[in-house]
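# Pasting a predicted model and its sequence here:
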Amino acid sequence: MVTMTADVTEGVKKMTKKLVKAGLYKSQSEVVRDAIRQLAFKYDIKNAPSLEEVRKITAKAVEKTGKTLAQTVRELRDED
């Protein structure tokens, strides 16, 4: 097993402690691991594109539209 470090809000820290105290998990690390597993399941991560595929798709979109990803995101935000 490897160690990861993450910055979380005080609320998230309190929530993980409550889940452990309630006996639902053995440790805060177990809470985080389960949350990540649930996210992977929710987003069907096995079928998600790799970072390289995302980069290729982004490059193709930039080439087609002549706009960077950041420009497109700003435009979409401005629409709302």
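On my side now, so go ahead. Numbers count the residues shown, from 1 in each chain.

# I'd like to know which elements the lowest-mean-pLDDT helix or strand in the chain is packed against.
Lowest on mean pLDDT, DSSP states H and E among the helices and strands of the chain sits helix 69-79, with a mean of 83. For helix 69-79, the elements it packs on are helix 51-65, judged by 3 or more CB pairs under 8 Å, 6 or more residues apart in numbering; DSSP states H and E. The way it works is simple: take the backbone N, C-alpha and C, and place the C-beta from them, glycine included.

# what's the angle from the helix it packs on to helix 69-79?
Calculated by axes from the mean of the first three to the mean of the last three CA atoms, to 10 degrees, helix 51-65 forms an angle of 70 degrees with helix 69-79.

# so how far is helix 51-65 off the chain centroid?
How far helix 51-65 lies from its chain's middle: 20 Å, per CA atoms, centre = their mean, to the nearest Å.

# Mind pulling the model confidence for the residue positioned nearest the centre of the chain?
Centroid check for the chain by CA atoms, centre = their mean gives Leu39 as the closest residue, at 7.9 Å. pLDDT for Leu39: 87.

# where's Asp34, which helix or strand?
For Asp34, the host element (DSSP states H and E) is helix 28-42.

# So which bits of that helix are buried?
Gln28, Val31, Val32 (16 or more other CB atoms under 10 Å).

# How about the contacts made by the residue nearest to the centre of the chain?
By CB atoms under 8 Å, 6 or more residues apart in numbering, Leu39 lies in contact with Ile45.
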